[in-house]
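Q: Need coordinates for the below:
(one chain, ligands or ions: 1)
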Amino acid sequence: MRIKPRIVLMSALVTAGLLVAPTARAVATAPIDPRPSTAKLAVQLHKLAVQSHGKVRVTSIGRSNENRPVWGARVGHGKLKIQYVTQQHGDEPLGTPAALEFLRRVGVGNSAWQRKLLSQVTVDIVVRANPDGHERNWRYNYDPTAKPEYGEAGKGYDINRYHDPAVASADNPATEAGLIQRRFAAFQPDIMVDYHMQGRYKDASGKEITASTMWPTHAGVKPADVNFAKQIAVVVQRSINSAGGNVSQYPGGDYQGIARNGYGLLGSGSVLVELSDIPGREQRQISDALASMLAIAHSAANGSVHTIDPAAATAIPPRGPALPGTVEEDEAA
Ligand SMILES: [Zn+2]
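A: Numbering: from 1, shown residues only. Okay, the predicted model is just below:
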């Protein structure tokens with residue numbers, strides 16, 4: 001990592017709304033398990049509930065097609081509501097350990113910044129939306145008899161194509177997407193951020209992209225909601241870049257079944273985050289995702305997200321060419 005002059009780093013942290021709390025990298029910790037089993041995930045979540053003295057509330061929001069619990073974890077009691085979703089695609093794991101660390105950072109302990117943050121925001125996380133896909137290390141849920149419009153026959157549905165607001169959660173053919181829809185509807189978050197992973201890409205200067213972000217691109221999303229999502233995307237960019245990453249825009253599609261668009265249509269500030277799948281960089285990717293989760297919560301709590309010029313999002317550089325070995329997909333999110 002390039003060492004930046006301290007004053008530049010400080011100003012980046014102020015802009016990213018990070019100075020009110022220790023940054024993700026401020027505390028050295030043991031390596032984090034990038035792919036905890038779903039059984040271990042349950043143990044860790046329930047441990048966090050105990051260690052936080054109940055501040056982290058853990059519940060099953062329903063069951064996957066193979067009857068695994070899909071976990072929801074909630075922390076805080078503030079009026080601003082933020083929802084994070086991780087691992088809709090089973091083979092894109094790193095948002096999940098980042099979510100566990102987020103819950104630990106904000107929920108365990110009783111320092112002044114934690115008390116203040118938790119009085120201002122409520123953060124709800126769907127932790128590993130797709131446990132069956134995780135089990136198989138594949139993208140889809142598990143529904144081998146389905147003939148999905150989006151997904152793969154013999155495997156299952158692509159959960160992140162089944163968030164169309166016109167489809168009721170009870171009628172959703174992709175079970176786990178229906179669970180997310182229901183959790184969203186009950187919670188009504190102001191901010192919704194969906195964590196994925198992508199292949200490896202460069203920027204125009206040849207430097208590797210470590211993450212990409214995007215706001216809703218469906219034409220029906222209200223301009224004010226698009227602008228809010230753009231402000232959140234800038235928080236994502238600044239928080240990851242000031243931790244040494246390199247964030248680009250994500251070249252995503254307009255379909256309303258994609259969570260980024262579907263929850264934008266429903267009025268949330270809805271943003272996608274894609275962590276690049278870079279061998280040897282997993283721990284950094286987890287801490288970068290954590291940095292973005294913390295920065296979004298802090299910038300919402302202190303209002304700084306609203307002071308960002310939405311035009312700064314369109315200035316986030318585009319994603320450049322794929323590195324050799326990355327299979328380019330039309331819409332991988
Ligand atoms: Zn994905």
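Q: Run through the strands of the protein in chain order.
A: Ranges of strands within the chain are 56-63, 69-76, 80-86, 121-127, 151-152, 156-157, 191-198, 201-202, 208-209, 211-214, 247-249, 269-276, based on DSSP state E.
Q: Write out the residues of the protein neighbouring the ion.
A: Neighbours of the ion within the chain, by Cβ under 5 Å from the ion: His89, Glu92, His196. Where C-beta positions appear, they are placed from N, C-alpha and C, glycine not excepted.
Q: Can you tell me how far the closest residue to Gln44 other than its chain neighbours is from Ala211?
A: Closest residue to Gln44 apart from its sequence neighbours, by Cβ to Cβ, 6 or more residues apart in numbering: Leu100 at 5.6 Å. As judged by Cβ to Cβ, to the nearest Å, Leu100 and Ala211 stand 19 Å apart.
Q: One more: Arg105?
A: 19 Å.
Q: So between the two, which is more surrounded?
A: Each of Arg105 and Ala211 has its neighbours counted (other Cβ atoms under 10 Å); Ala211 has more, 26 against 20.
Q: Now do the contacts for that one.
A: Counting by Cβ atoms under 8 Å, 6 or more residues apart in numbering, Ala211 touches 236, 240, 245-248, 273-276, 285, 288-289, 292.
Q: Switch those residues over to a markdown table; also include neighbour count and pLDDT.
A: Formatted as a markdown table, the contacts of Ala211 follow (neighbours: other Cβ atoms under 10 Å; pLDDT from 0 to 100):
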| residue | neighbour count | pLDDT |
| --- | --- | --- |
| Val236 | 30 | 98 |
| Ile240 | 27 | 98 |
| Gly245 | 25 | 98 |
| Asn246 | 20 | 98 |
| Val247 | 27 | 98 |
| Ser248 | 24 | 98 |
| Val273 | 32 | 98 |
| Glu274 | 27 | 98 |
| Leu275 | 27 | 98 |
| Ser276 | 25 | 98 |
| Gln285 | 23 | 98 |
| Asp288 | 29 | 98 |
| Ala289 | 31 | 98 |
| Ser292 | 33 | 98 |
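Q: Relative to the ion, which of the residues you listed is nearest.
A: Taking Cβ to the ion as the measure, the ion lies nearest Glu274 of those, at 7.1 Å.
Q: Which strand residues bridge that closest one?
A: Glu274 forms beta bridges with His196, Ser212, as assigned by DSSP bridges.
Q: my guess is it contacts Asp194, does it?
A: No - taking contacts as Cβ atoms under 8 Å, Glu274 lies outside contact range of Asp194: 9.4 Å.
Q: Could I get the contacting residues of the residue nearest the centre of the chain?
A: Closest to where the C-alpha atoms of the chain average out (Cα atoms, centre = their mean) is Tyr195, at 2.9 Å. By Cβ under 8 Å, 6+ apart, the residues touching Tyr195 are Tyr84, Val85, Thr86, Gln87, Glu92, Leu94, Gly95, Ala98, Ala99, Val273, Leu275, Ala289.
Q: follow-up on the earlier one: compare the strands of the chain and report which one is nearest to Thr38.
A: When the strands of the chain are compared by Cβ to Cβ, strand 69-76 sits nearest Thr38, at 7.9 Å.
Q: Neighbouring strands - and their directions - for that closest one?
A: Applying DSSP bridges, strand 69-76 is found paired with strand 56-63 (antiparallel), strand 121-127 (antiparallel).
Q: and the last one with strand 191-198, angle?
A: Which is strand 121-127. Angle, strand 121-127 to strand 191-198, by axes from the mean of the first three to the mean of the last three Cα atoms, to 10 degrees: 30 degrees.
Q: could you give me the average pLDDT of stretch 159-170?
A: Averaging pLDDT along stretch 159-170 gives 97.
Q: Stretch 321-333 too?
A: The model assigns stretch 321-333 a mean pLDDT of 73.
Q: same thing with stretch 120-138?
A: On average, stretch 120-138 scores 98.
Q: Tell me if I'm right that Arg35 and Pro93 touch.
A: Yes - using Cβ under 8 Å, Arg35 is in contact with Pro93, at 4.9 Å.
Q: what about these two, which has more around it?
A: A direct count of neighbours by other Cβ under 10 Å for Arg35 and Pro93 places Pro93 higher, at 25 against 15.
Q: for Thr210, phi and psi?
A: In terms of degrees, to the nearest 10, the main-chain angles of Thr210 are phi -100, psi -20.
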